[in-house]
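*Asks:* Whatever this is, show me its structure:
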Amino acid sequence: MQTQCGGCKQGGARCCCRCGCHSTAASGGGARLCSLSIPSGRSRGGGGATEICRSPREGTRKAGRQAGRMATRMFEGKDHARVYQKYRFTPQEALQKAVFSYLDRKAGAFGLALDVGCGSGQGTLLLASRFQKVVGTDVSPAQVEEAQQAPHPDNVSFLACPAEELPVADGSVDVLTSFTAAHWFDIPRFMREAERVLAPSGCLVLTTNTLDMRLHFRDRDQELTRIFQEFRDLLTPYMSDKVRLVVGDYEEIFEAVPFPSKERITDIVDKVPMSVAELVGYVQSFSMFQAFLKDRPEEAQAQVQRLQERVLEAMGEASPEARLEFWNRQVCILASRGPVPDHDPRS
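*Replies:* Numbers count the residues shown, from 1 in each chain. Now for the predicted structure:
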């Protein structure tokens, strides 16, 4: 595939979306907004596809202007992005099984995966071993910067752009994913983008954590879960209206999926081992905690410290490194744009 990238020519950097050079711009770094080409072997109309990469500053400004009109702006601050990168975990075993067993049966190809609302890239990295090329996008340049700076394979890259205006060619994406982010999108506009960018045999995967969260440790499950739920209740006044889509198990989003072949799974439960310190870090990544922190910083910090103390007391432990299990029910929407044989196309 022939590539051309005006911005990437500076300093001898390679082209953006193939190798991720947009993570460090020659003109001073920052997130690039890129126009991605159709992967090799799927070019339409003969001739090589072209990749165009705008300057980092131009891309970030455009992403900000577009996103202000479309998606709900969350997770924007650099401090929040750092917390998100450090404490958000990769989709776990049960969710992975649901997603990949579906893709192995339904996806027509495993060339390009586009992970929208990627945050700091936890879900994006999960796709790297399955696809020739994976691109994570997020409306927040701060989140994209965190993703770019974290270790990632050569076939993974990140860029800043709104979910509703994806800079990829029509019909170029084999699988479009969004892990715990779709409820922040302008759903009608995002679904139109999904129709535009997905290949004829492409698949759509939308997942979310729910608010059904429980803590498990020996015989202390009920007390620990009660403590956690009381803390979460403190955050309820700061919950965005967009989270109602999560409370509704993504039913409204499911109904908006424009493809007739679709299913929604609402009973996926993953059990995530973590320390108490990691649990406390995880809750600080919540959008509603960040809103609480912005509104009443001293009270927010006091409450999160109190959560740690109460959890440790209930466990009978002294160290924040004490381990427990975090159980979370998840919802997964799986859809296929067109009929394909129920087999693994790679076999």
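*Asks:* residue boundaries of the helices in the stretch 201-347 of the chain?
*Replies:* 221-235, 244-247, 251-256, 276-284, 287-295, 297-315 (DSSP state H, counting those that start in this stretch).
*Asks:* Of these, give the one that comes closest to residue 195.
*Replies:* helix 251-256 (11.3 Å; CB to CB). The way it works is simple: take the backbone N, C-alpha and C, and place the C-beta from them, glycine included.
*Asks:* residues in contact with that closest one?
*Replies:* 182-183, 187-188, 191, 206, 245, 262, 264, 333 (CB atoms under 8 Å, 6 or more residues apart in numbering).
*Asks:* Now render the helices of the stretch 201-347 of the chain as a markdown table, adding mean pLDDT and distance to residue 114.
*Replies:* Shown next, in a markdown table, are the helices of the stretch 201-347 of the chain (pLDDT from 0 to 100; distance: least, CB to CB, whole Å):
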| stretch | mean pLDDT | distance to residue 114 |
| --- | --- | --- |
| helix 221-235 | 97 | 31 |
| helix 244-247 | 96 | 21 |
| helix 251-256 | 98 | 17 |
| helix 276-284 | 94 | 26 |
| helix 287-295 | 94 | 23 |
| helix 297-315 | 98 | 35 |
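*Asks:* wouldn't residue 135 be in contact with residue 121 here?
*Replies:* No. If you go by CB atoms under 8 Å, residue 135 and residue 121 don't touch, sitting 10.7 Å apart.
*Asks:* Overlap in contacts, the two.
*Replies:* With CB under 8 Å, 6+ apart, residue 135 and residue 121 have common neighbours 156, 158.
*Asks:* How many residues are close by residue 267?
*Replies:* Residue 267 has 11 neighbours, counted by other CB atoms under 10 Å.
*Asks:* lowest confidence element among the helices and strands of this protein?
*Replies:* Ranked by mean pLDDT, DSSP states H and E, the helix or strand of the chain with the weakest confidence is strand 52-53, at a mean of 28.
*Asks:* dump the residue contacts of residue 265.
*Replies:* So residue 265 contacts 98, 331-332, 334 (CB under 8 Å, 6+ apart).
*Asks:* Hmm, residue 214 is touching residue 225, no?
*Replies:* Yes. Counting by CB under 8 Å, residue 214 touches residue 225, with 4.6 Å between them.
*Asks:* Strands of the stretch 101-250 of the chain, start to end?
*Replies:* Remark: strands assigned in the stretch 101-250 of the chain by DSSP state E, counting those that start in this stretch are 112-116, 133-138, 156-160, 173-179, 198-216.
*Asks:* Name the surrounding residues that touch the second one.
*Replies:* When you say that, I think you mean strand 133-138. Against strand 133-138 from outside (CB under 8 Å, 6+ apart): 17-18, 36, 39, 111-119, 121, 123-124, 127-128, 144, 147, 155-161, 163, 166, 168.
*Asks:* so where's the stretch 1-150 of the chain shaky on pLDDT?
*Replies:* 1-87 (pLDDT under 70).
*Asks:* ok, the residue lying closest to residue 196 once chain neighbours are set aside to residue 132 distance?
*Replies:* Closest residue to residue 196 apart from its sequence neighbours, by CB to CB, 6 or more residues apart in numbering: residue 170 at 5.5 Å. The gap separating residue 170 from residue 132 is 19 Å, by CB to CB, to the nearest Å.
*Asks:* Who has more neighbours out of the two?
*Replies:* Comparing residue 170 with residue 132 by other CB under 10 Å, the one with more neighbours is residue 132, at 15 against 12.
*Asks:* How many residues are close by the residue lying closest to that one once chain neighbours are set aside?
*Replies:* The shortest distance from residue 132 to any non-neighbouring residue, by CB to CB, 6+ apart, is to residue 111 (5.0 Å). By other CB under 10 Å, 19 other residues sit near residue 111.
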